[in-house]
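> compute the structure for the input listed below.
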Amino acid sequence: MLNPVRRPIPILLVGILALVFALACSKAAAPAATPSPAPSTTPSPTAAPAPATAPAAITAPLASAGVFAVDPRSDEPGSTMPQEVLKYNYTKLPMWTKAKYGGERVGNGGTYSILQQNPFTSFSKRNIFAGMFIMIDAGTCSSIGRTDFSECNGVRNNALVGTLVPGLVEKWERPDPLTVVLTLRQGVLWPNLPPMNLRPNRNVTVEDMKWYFETQKNEGVYRDTFALVDTFEVVDSRTLRLRFAQPHSTFIQMLANYGLGIIPRECYEDKAGCLAKRLISPGPFIYDEAGSEPGNKVIYKKNPEFWLKGLPYLDQLRTIRVTDLAAQRAAYITAQFDQFAVYSPRERDQLLKETPASQVQTQYCSCGSAHFQMRMDQAPLNDVRVRRALSMAMDRPKAWLAGNDGYNAMGSPMAFDFLGLNLFVSLKTAGPYNQYNPAEAKRLLAEAGYPSGFAITVNIANSGASTQYGSVEMVTSLQQDWAKVGVTLQLKLIDAQAEAGLRRDKKWDGMLFSQCYDCNATDPDSYFLVGYSKSVRNLQGINDPIIDDMYLKARSEVDPKKREQIYWDFNNRMFDQMYGMHFGNPSGFEFFAPWLRNASSHVWAYASITNFASWVMWIDPDLMKK
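Residues are numbered from 1 along each chain as shown. Purely as a prediction, here's the structure:
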């Protein structure tokens, strides 16, 4: 069963390790062919314009042949991104030839080497994502079972119109708006590792799936996915029936979320052993405990019993921690790594001069939007006038130039593809409180009781995405803007682990810089949940009955066009109340070594065991020897 699904392009390779498996811790529109079913301490807002109606779509989505027309709602005069996307569109790559599966990398077997800046956690030790119930194939010249890649004729799958692909769930049906029937794939084996090698039969069972879903609902970070499920009923050895209290139109999409990768009950209950050390799942790659080095290197080896016969093509994936950007760049140039990303046209052009054979793809991600998160229970940010004033004091295009030569664009609370766009929501489309207007900002601050301004701290990670994307430079530019209206912004640089702790505990002073709301979301619900008062993913303490009502309506709405309008209403409400100040969406250019074939910069499909394309990329041994 294949279903079209809209989604975007990526931000970071492996920056979401600590949240990928939801149980251990606690940009896809609905397929058209599968229908289903008072802010606490925030003062009453000042008079605001009525929520804007979603503008009518003007252009078609990106065509598979690489034709890209910029929607007027995304046209950003202060950004070079639309032009750069045209030049380095991910569909414009060399014609693929028939695969030489696995490859023979000189001195290293069929190993694909990638890098990471942040420290590895226990969640790195997982082969969890082959345990995905439903997968997404986007941005690759591939489909499950393809053996002749020459038929792609140089054109890759459209990454903005991905495809829901059967994973452990071989088939899904919705016989009525309150019922979903899932059919488990036969012949899927748990790895031959303890404790699963003690099972008389290592087959993944319907009972395994039922236990996992029930446990997620009761205590997982992704419990919202199953909030409307009343019962999980085992029908037979292959079939699980879910009955819902209300229609949930995007449930199937939510099953494709990265965080939903099955593990066995035996492993979950062995928290000091299996759960902490290896997180077993029936994946394409298996964590190599002997070859890995805690904190520095993670090795994944091909699973010889993977349920998709012939996959993965690669023999091994290797992820190595390198914290220094200059060292990372040098390692790519000297072929120690097979992938590297830069985040400005200037850096791209320079690296191309040094590695002219590299394959370069544009990154742009609707799932990532740089913004400041604010605690709604702390003064002065609990006053909507203050939040609006800070936003209107920000000269965003100036910050984009400071961060990455203007290769940036306005972000938005709802992923742009769910709004019917193929690029970002532009500044002019983002409403009055995102426009640069320092005079009005000063007036609002005075009205809120801060005529002389105030001092406030922003916590920002000085590693990983924040370093690569020029985020520190952008925030420094905004610091200068806020000084003009009397606000002293104090930058507090913290490491990635400290940042993760602030998010986990939902406790920080001032503001918290965030690269994205949900960097691995495949469904619109995940964006709603950052503002839904009852969600564990609501970090800012937003308690807005209007947003709650929008979420409940969207979740039950079966008409895609009506859902899209609700997404626009949500987007406009978040902008109006300034629940998180968005100031950019820094994206980049993904460099792939010339010997890689079928690599993709798509957020669902590139350079990680978490993504489908790592299963279907390969290394051309002839090119590797040149």
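> domain assignment for this protein?
3-12+87-342+588-625, 366-584 (automatic domain parsing).
> so can I have a markdown table of those showing mean pLDDT?
Converted to a markdown table, those look like this (pLDDT from 0 to 100):
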| stretch | mean pLDDT |
| --- | --- |
| domain 3-12+87-342+588-625 | 73 |
| domain 366-584 | 87 |
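> D75: which of those is closest?
Of all these, it is domain 366-584 that lies closest to D75, at 5.8 Å by C-beta to C-beta. Placement of C-beta: from N, CA and C, glycine included.
> could I get the phi/psi values of the residue nearest to T239 when sequence neighbours are not counted?
Distances taken as C-beta to C-beta, 6 or more residues apart in numbering place T183 nearest to T239, at 5.7 Å, with adjacent residues excluded. With angles defined as degrees, to the nearest 10, T183 sits at phi -110, psi 120.
> quick check: T183 touching G167?
No - the pair T183 / G167 is not scored as a contact, 11.7 Å apart, by C-beta atoms under 8 Å.
> related to what we said a few turns ago, tell me which of the domains of the chain lies nearest to D71.
Using C-beta to C-beta, the domains of the chain put domain 366-584 closest to D71, at 5.3 Å.
> okay, the domains of the chain in JSON lines with mean neighbour count and distance to Q359 next?
Formatted as JSON lines, these follow (neighbours: other C-beta atoms under 10 Å; distance: least, C-beta to C-beta, whole Å):
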{"stretch": "domain 3-12+87-342+588-625", "mean neighbour count": "20", "distance to Q359": "4"}
{"stretch": "domain 366-584", "mean neighbour count": "21", "distance to Q359": "19"}
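> hey, what's K302 bridged with?
Per DSSP bridges, the residues bridged to K302 are F285.
> distance check, it against L193.
Separation of K302 from L193 (C-beta to C-beta, to the nearest Å) stands at 14 Å.
> which residues touch the residue nearest to E170 when sequence neighbours are not counted?
Closest residue to E170 apart from its sequence neighbours, by C-beta to C-beta, 6+ apart: R185 at 4.2 Å. Going by C-beta atoms under 8 Å, 6 or more residues apart in numbering, R185 touches P166, G167, L168, V169, E170, W307.
> nearest to A389, of the residues you listed?
G167 (47.2 Å).
> please report how far that closest one lies from N257.
Separation of G167 from N257 (C-beta to C-beta): 12 Å.
> quick check: F340 touching L596?
No - F340 lies out of contact with L596 (C-beta under 8 Å); the separation is 11.9 Å.
> could you dump the strand or helix carrying V181 to PDB, C-alpha only?
Per DSSP states H and E, V181 falls inside strand 179-184. C-alpha atoms of strand 179-184 as PDB (Å, rounded to 0.1, in the frame of the first residue of the first chain):
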ATOM      1  CA  THR A 179     -11.200   1.700  13.300                       C
ATOM      2  CA  VAL A 180      -7.700   1.100  11.900                       C
ATOM      3  CA  VAL A 181      -6.600  -2.400  11.000                       C
ATOM      4  CA  LEU A 182      -2.900  -3.100  10.800                       C
ATOM      5  CA  THR A 183      -1.400  -6.200   9.200                       C
ATOM      6  CA  LEU A 184       2.000  -7.300  10.500                       C
END
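> name every strand pairing with it and say which way it goes.
Partners of strand 179-184 in its sheet, by DSSP bridges: strand 169-176 (antiparallel), strand 239-244 (antiparallel).
> adding distance to I280, write those out as JSON lines.
Below are the strands paired with strand 179-184 laid out as JSON lines (distance: least, C-beta to C-beta, whole Å):
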{"stretch": "strand 169-176", "distance to I280": "19"}
{"stretch": "strand 239-244", "distance to I280": "21"}
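> which one, of those, ends up nearest to K353?
The closest of these to K353 is strand 169-176. By C-beta to C-beta, the value is 46.8 Å.
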